[in-house]
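Participant: dropping the sequence and predicted coords here.
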Amino acid sequence: MTGKTLAEKLLSDKSGTDARAGDYVEAEIDVAMAHDITGPLAFQTFDEVTGEDADLFAPDRTIFTIDHHAPADGVQAANNHNAVREFAAKHGAHQFDVGDGICHAVLVEEGFVKPGDLVIGADSHSTTYGGIGAFGTGVGSTDLGTALATGELWFRVPETMRFEVEGELADGVYAKDLILRFIGDVGFDGCTYMAAEYGGSTIESLPIHERLVLSNMAIEMGGKAGFVEPDLRTIDYLERQTGEVVPFDDDLHSDEDATYDSVHTYRAEDLAPQVSKPSNPENAVDVTEVEGTEIDQLFVGTCTNGRYEDIKLVADILDGEELAPNVRMVVVPASKSVYQYMLQTGVFQTLTDAGAVIQSAGCGPCAGYHQGVLGDDDICLATANRNFPGREGSMQSQVYLASPATVGASALYGEITDPRGVQTERYDDTVFAEVLS
Ligand SMILES: CC(C)[C@H](C(=O)O)[C@@H](O)C(=O)O
Ligand code: SF4
């Protein structure tokens, strides 16, 4: 038998079988998550399947967040929030409230996810957890509701598509540019039901906050999961975030003779900053192709690029400058810690001086619910992950996706701008961890 991919190893471990791509396995869940939109239906399923007085499979490893419509933007949202609060309290689960932040940011920051874990979330961007070497995947509310009772779920073991990048990224080029390029190359459904695996010297050199961008957007090419093999950098990051030492398991990588669906190789030096044009993330082009496109709104945030390092990068570019007169900027920190650190370090002041509006932590206008929704003819440049028609508001509005550096540079000129012309930094993992310690 040939060796195994990381996806096969993890699902073998969680199912107690010799799992290979294509097999169906019943696997044990380590961590389960739902939020204010998907939680209420999951609770209903849980109650129906179990009878209302049953226990959660593991209350200490079950997390509910209030992040999508937070603070409540209507009565229905407010009622959903109360349903989350009541269910979490009744069952003793962890619950994060309005302003605490986006589920995917909270689970990583708070150390709920460890390398090698199997994490299910009732949210499609649950692939994010692969950035620290967990098998993270999105499930529907009914699957989640059932798994909350049993602690198990059926999986088809995915094939793996590997993205191998060697060399050094140019200044102004980030993990966001890499993932937009990958999605552009394989297409929106190119990795459907497969695990994406990102490797090579470029990926190994990336700080964790950038690795999380790669895993987060695996779903934008259909990925069931998106991995970066965990290493000592991962262990250091978790220790800095939580103070807890997680032992390093040196078997959490794909074997050299593992079977891949395909391997896509890149040279980091060849990559330019990328922009995905409306209205599909797969419409990725070099920034030079869309340079000069006028924009109305800039949106900095989301589970993809709403971390402290992302927002600080934008603030560094705007430092002492004002937004171009034709644009407005909406900034939504991914978590409360990010928000507080922005206050402590002056990033908040820099951005508001420049003319940006800063919202409480959460999803913001990412899915078009509130806090900066777009009108008919609005054109937005966002650090987000999706740009389907109507994603951030009107069906006639248009969203371009890019890195925080490209959004920051574009804010200065009011049109899509190549960040390689402005001073940009690459932050390592220590920048944000300090605030949490
Ligand atoms: C609301 C939720 C189910 C949805 C998802 O799963 O992706 C949202 O987070 C999104 O990004 O569109
Ligand atoms: S930030 Fe956007 S993509 Fe991420 S969970 Fe929230 S709505 Fe979904």
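Facilitator: That came through fine. Ligands and ions are numbered 1, 2, ... in the order given.
Participant: contact partners for whichever residue of the stretch 151-300 of the chain sits closest to ligand 1?
Facilitator: Going by CB to the nearest ligand atom, ligand 1 is nearest to residue 219 of the stretch 151-300 of the chain, at 7.6 Å. For glycine as for every other residue, the C-beta is placed from the backbone atoms N, C-alpha and C. Residue 219 is in contact with 124, 125, 127, 138, 226, counting by CB atoms under 8 Å, 6 or more residues apart in numbering.
Participant: of all these, which comes closest to ligand 1?
Facilitator: Proximity of the contacts of residue 219 to ligand 1 (CB to the nearest ligand atom) peaks at residue 124, which lies at 3.5 Å.
Participant: quick one: that closest one and residue 137 touch, right?
Facilitator: No - assessed by CB atoms under 8 Å, residue 124 is found out of contact with residue 137, at 9.1 Å.
Participant: about what we covered before: the residue of the stretch 151-300 of the chain closest to ligand 1 belongs to a helix, doesn't it?
Facilitator: Yes - under DSSP: H, G, I helix; E, B strand; the rest coil, residue 219 falls within a helix.
Participant: still on that earlier bit, neighbour-wise, which of residue 124 and residue 137 wins?
Facilitator: Applying other CB atoms under 10 Å to residue 124 and residue 137 shows that residue 137 carries more neighbours, namely 24 against 15.
Participant: re earlier: so which of the contacts of residue 219 reach ligand 1?
Facilitator: Counting by CB under 6 Å from any ligand atom, 124, 125, 138 from these sit close to ligand 1.
Participant: can you redo those as a markdown table with pLDDT?
Facilitator: Listed next are the ones next to ligand 1 among the contacts of residue 219 as a markdown table, based on pLDDT from 0 to 100:
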| residue | pLDDT |
| --- | --- |
| 124 | 98 |
| 125 | 99 |
| 138 | 98 |
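Participant: what comes up buried for stretch 57-67?
Facilitator: Neighbour-count burial for stretch 57-67 flags 57, 61, 62, 63, 64, 65, 66, 67 (criterion: 16 or more other CB atoms under 10 Å).
Participant: end to end, how far does it reach?
Facilitator: Terminal residues of stretch 57-67 are spaced 24 Å apart (CA to CA, to the nearest Å).
Participant: centre of the chain versus it, how much separation?
Facilitator: How far stretch 57-67 lies from its chain's middle: 18 Å, per CA atoms, centre = their mean, to the nearest Å.
Participant: name the surrounding residues that touch it.
Facilitator: Residues outside stretch 57-67 that contact it (CB under 8 Å, 6+ apart) are 29-36, 39, 56, 81, 84-85, 87-88, 91-98, 100-103, 106-107, 112, 147-151, 361-363.
Participant: change it to 6 Å
Facilitator: Stretch 57-67 is contacted by residues 31-36, 39, 56, 81, 84, 88, 91-98, 102-103, 106, 112, 151, 362-363 when judged by CB atoms under 6 Å, 6 or more residues apart in numbering.
Participant: quick one, which of those are buried?
Facilitator: Using 16+ other CB under 10 Å, the buried members of the contacts of stretch 57-67 are 31-36, 39, 56, 81, 84, 88, 91, 93-98, 102-103, 106, 112, 151, 362-363.
Participant: now render the buried residues of stretch 57-67 as a markdown table, adding secondary structure, pLDDT and distance to ligand 2.
Facilitator: Shown next, in a markdown table, are those (DSSP: H, G, I helix; E, B strand; the rest coil; pLDDT from 0 to 100; distance: CB to the nearest ligand atom, whole Å):
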| residue | secondary structure | pLDDT | distance to ligand 2 |
| --- | --- | --- | --- |
| 57 | coil | 98 | 23 |
| 61 | helix | 98 | 20 |
| 62 | strand | 99 | 18 |
| 63 | strand | 99 | 14 |
| 64 | strand | 99 | 14 |
| 65 | strand | 99 | 9 |
| 66 | coil | 99 | 12 |
| 67 | coil | 99 | 6 |
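Participant: care to break this structure down by domain?
Facilitator: Following the assignment in automatic domain parsing, the chain carries domains at 6-267, 275-436.
Participant: what about the residue of the stretch 301-437 of the chain found nearest ligand 1, neighbour count?
Facilitator: Distances between the stretch 301-437 of the chain and ligand 1 by CB to the nearest ligand atom are smallest at residue 367, namely 4.4 Å. Residue 367 has 18 neighbours, counted by other CB under 10 Å.
Participant: re the thing from before, which of the ones next to ligand 1 among the contacts of residue 219 come close to ligand 2?
Facilitator: residue 125.
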